[in-house]
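> Need coordinates for the following:
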Amino acid sequence: MVKDILKIAIPVSVENILANTGIFILTLLLSQVGEREIAINAISNQASFLVNLFLFGINTGGAIFVSQYWGKKDVKNIKRVFSLMFISSTLIATAFFVFTFFFPATFVRIFSKDSSLFNDSILYLRIISFSYFGIALEIAFRTFLRGIEKANIPMESYLVGTAVQLLLAYGLLNGKIGLPKLGITGVAIAITISRYVIPFYQITRAYYLKLPYTFTLRGISRDLFSRFIRFATPAALNEIAWSLGMTMYGIVFGWMGTEAYAVRNVLSSFENYIWTLALGITTASSVIVGKLVGQKSYEKAVSFSKKIMIVNSLVGLGTAFVTIAAYYLLLPTFDLTSSSKYMLTLSMWIMLAGTPIKALNNVAVVGILRAGGDSKYAFILETSTLWGLGVPLAFIGAMVWKQSLPVVYALTLSDEIAKAIIVYFRIRSKKWVKNVTISTEEAILEAAEHKVQI
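Sure thing, here's the model as predicted:
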């Protein structure tokens with residue numbers, strides 16, 4: 001089992017490191033220009049963040065089927081599920097493109113009240129909006145490849161894509177390596193191009209390896225479509241609710257001023273590193289749990305799930321300490337005011353304290369509940385805790401109590417404690433084990449048969 005985890009977790013973790021390194025170096029490049037440019041990039045990132053979360057939601061729903069069908073070695077249905085994932089992703093990308101390209105000013109005003117940022121932010125956002133179709137294709141393919149235990153391909157694609165992004169960003173921002181000097185606009189172009197390079201690499205590798213994917217909806221039965229909607233919709237709604245909650249946090253930080261918003265963006269760059277290995281383990285867990293459930297090895301799935309929660313929590317904490325150490329080494333390189341650095345340091349330590357709980361919740365919700373077919377419960381749990389605790393407290397802390405960024409950031413972690421307690425008892429109850437590859441009638445009979453066993 002350890003070998004199976006590492007086979008997926010290591011490539012996924014390296015992939016996350018590459019992606020986060022790209023974001024981090026990009027932030028460093030922009031920090032040399034000023035806080036204004038960091039804020040413009042952060043506003044655009046809010047749109048990309050929403051696109052990613054919506055796409056992650058629908059594809060995570062598809063991943064439930066991919067991993068469980070992979071456990072059964074049902075190649076035909078894996079192809080059909082991938083088609084549903086691809087079409088759904090394209091529709092989501094189109095909706096976001098229409099909004100951010102044709103109504104960019106509306107989006108920018110949601111996240112910033114600083115009028116001096118508007119014109120550059122609008123142009124930046126319009127360029128980035130073209131990248132959404134590349135993101136849609138990449139996330140669908142990445143999810144599919146991980147689900148069939150080919151996580152090395154997305155890792156390789158991110159190595160190529162990140163190199164292209166950084167090279168173009170450096171050249172177009174500063175007019176280096178024979179490229180024109182376009183400033184922050186050049187960074188937007190570099191990001192957009194790299195987001196198509198990544199899926200192109202993945203598709204090319206998948207084609208030559210003759211992996212089971214197709215872009216046609218032919219052969220999809222009404223029963224499969226119905227089950228896909230029933231189990232994938234809660235996962236998608238989960239991510240929509242969660243992404244809207246994260247967007248609300250972005251709005252709150254934006255209303256706190258350009259300085260606080262810039263600091264939060266730098267904090268996010270470090271925070272992303274903390275989750276590299278923990279998210280890798282979460283992804284590996286979702287594939288393993290899905291395979292075990294697809295193979296009807298329910299007792300093994302439950303036993304594995306209990307252990308992996310503890311492991312991921314410890315891994316998250318260890319990574320957080322390493323990130324804190326790196327932060328103190330790199331802090332002098334940031335062109336930030338002394339007050340910004342003070343806020344950033346306090347927030348980093350708050351982030352460290354919340355990491356073990358967030359790591360446990362992440363693997364429990366995404367790697368266990370969803371992969372096990374319990375996506376509806378996961379949706380209700382995350383939505384109720386986020387919108388019932390985290391978002392209201394953050395808003396009150398910033399707008400009513402007028403607290404500083406570190407305090408408001410701490411309030412955004414309040415829902416994680418409640419979620420951890422509830423999810424622990426849900427997993428112990430064993431009610432989350434649901435085989436999505438069988439018909440409704442078969443599921444009812446199987447649940448009755450295995451009620452005592454699982």
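> Can you tell me what sits against stretch 338-352?
Contacts with stretch 338-352, where a contact means Cβ atoms under 8 Å, 6 or more residues apart in numbering, come from 35, 259-260, 262-264, 266-267, 270-271, 274, 317, 320-321, 324, 327, 331, 334, 336, 404-406, 409-410, 413. Any C-beta I mention is one placed from the backbone N, CA and C, and that applies to glycine too.
> Tell me which residues touch the residue nearest to residue 355 when sequence neighbours are not counted, please.
Residue nearest to residue 355 in three dimensions, not counting chain neighbours: residue 320, with 4.1 Å by Cβ to Cβ, 6 or more residues apart in numbering. Neighbouring residues of residue 320 by Cβ under 8 Å, 6+ apart: 274, 351-352, 355.
> switch the cut-off to 10 Å
Shown in contact with residue 320 (Cβ atoms under 10 Å, 6 or more residues apart in numbering): 270-271, 273-275, 278, 348-349, 351-356, 358-359.
> helices and strands around the helix or strand where residue 120 lies, which ones?
For residue 120, the element it lies in under DSSP states H and E is helix 118-129. If you count contacts as 3 or more Cβ pairs under 10 Å, 6 or more residues apart in numbering; DSSP states H and E, helix 118-129 packs onto helix 35-72, helix 75-102, helix 104-111, helix 184-208.
> ok and it relative to helix 104-111, angle-wise?
Interaxial angle, helix 118-129 versus helix 104-111 (axes from the mean of the first three to the mean of the last three Cα atoms, to 10 degrees): 110 degrees.
> tell me the average confidence for helix 118-129?
The average pLDDT for helix 118-129 rounds to 85.
> I'd like the next helix or strand past that helix.
helix 132-147.
> still on that earlier bit, from the contacts of stretch 338-352, list just the buried residues.
35, 259-260, 262-264, 266-267, 270-271, 274, 317, 320, 324, 327, 334, 336, 404-406, 409-410, 413 (16 or more other Cβ atoms under 10 Å).
> Sort out for me which of the residues you listed are in helices.
The helices, defined by DSSP state H, take in 35, 259-260, 262-264, 266-267, 270-271, 274, 317, 320, 324, 327, 405-406, 409-410 from the buried ones among the contacts of stretch 338-352.
> Identify the residues contacting residue 90.
By Cβ under 10 Å, 6+ apart, residue 90 lies in contact with 55, 132-133, 136-137, 140, 215.
> Can you tell me which of those residues are buried?
Buried members of the contacts of residue 90, counted by 16+ other Cβ under 10 Å: 55, 132-133, 136-137, 140.
> And those residues, which is closest to residue 282?
Residue 282 has its nearest neighbour among those in residue 55, at 17.1 Å by Cβ to Cβ.
> Verify the stated contact: the closest one with residue 95.
No - under the criterion of Cβ atoms under 10 Å, residue 55 is not in contact with residue 95, lying 11.1 Å apart.
> Need the residues touching each of the two.
residue 132.
> contacting residues for the nearest residue to residue 181 once chain neighbours are set aside?
Of all residues not flanking residue 181 in the chain, residue 175 sits nearest, at 2.8 Å (Cβ to Cβ, 6+ apart). Neighbouring residues of residue 175 by Cβ under 10 Å, 6+ apart: 181-183, 186.
> what do you get for residue 56?
63, 89, 139, 142-143, 235-236, 238-239, 242-243, 366.
> Residue 244 contacts residue 382, correct?
No - contact criterion Cβ under 10 Å: residue 244 and residue 382 do not qualify, at 11.6 Å.
> ok so, going back, now distance to residue 293 too, for the contacts of residue 90, in a markdown table please.
Output for the contacts of residue 90, formatted as a markdown table (distance: Cβ to Cβ, whole Å):
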| residue | distance to residue 293 |
| --- | --- |
| 55 | 24 |
| 132 | 33 |
| 133 | 33 |
| 136 | 27 |
| 137 | 28 |
| 140 | 22 |
| 215 | 27 |
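> okay, among those residues, which ones form the most distant pair?
Greatest spacing in the contacts of residue 90, by Cβ to Cβ: 132 and 215 (17.9 Å).
> pLDDT below threshold where in the stretch 101-250 of the chain?
Counting by pLDDT under 70, the stretch 101-250 of the chain has low-confidence residues at 113-114.
> related to what we said a few turns ago, give me whichever of the helices and strands packed on helix 118-129 is most buried.
helix 35-72 (a mean of 24; mean count of other Cβ atoms under 10 Å).
> Compute the inter-axis angle for it and helix 75-102.
Computed by the same axes, to 10 degrees, the angle between helix 35-72 and helix 75-102 is 160 degrees.
> what's the angle from helix 35-72 to helix 132-147?
Taking the same axes, to 10 degrees, one finds that helix 35-72 is oriented at 40 degrees with respect to helix 132-147.
> which ones are touching the closest residue to residue 116 other than its chain neighbours?
Closest residue in space to residue 116, ignoring its immediate chain neighbours: residue 36 at 7.4 Å, by Cβ to Cβ, 6+ apart. With contact set as Cβ under 10 Å, 6+ apart, residue 36 has these partners: 30, 114, 116-117, 120-121, 184, 258, 262.
> Quick one, which of those are buried?
Buried among the contacts of residue 36 (16+ other Cβ under 10 Å): 30, 114, 117, 120-121, 184, 258, 262.
> count of neighbours near residue 335?
For residue 335, the count of nearby residues is 13 (other Cβ atoms under 10 Å).
> Residue 158 is in contact with residue 195, correct?
No - using Cβ under 10 Å, residue 195 is not in contact with residue 158, being 11.0 Å away.
> Need the residues touching each of these two.
138, 165.
> Show me which pair in the contacts of residue 320 is furthest apart.
278 and 349, at 18.4 Å, using Cβ to Cβ across the contacts of residue 320.
> Who has more neighbours out of the two?
residue 278 (30 against 13).
> now the more buried one, what's its secondary structure?
What DSSP: H, G, I helix; E, B strand; the rest coil gives for residue 278 is helix.
> can you check residue 181 too?
Classification of residue 181 using three-state DSSP returns coil.
> list the contacts for it?
Contacts of residue 181 by Cβ under 10 Å, 6+ apart are 171-175.
> Could you list which of those belong to helices?
Those of the contacts of residue 181 lying in helices (DSSP H): 171-174.
> of those, closest to residue 228?
Nearest to residue 228 among the ones in helices among the contacts of residue 181, counting by Cβ to Cβ, is residue 172 at 41.3 Å.
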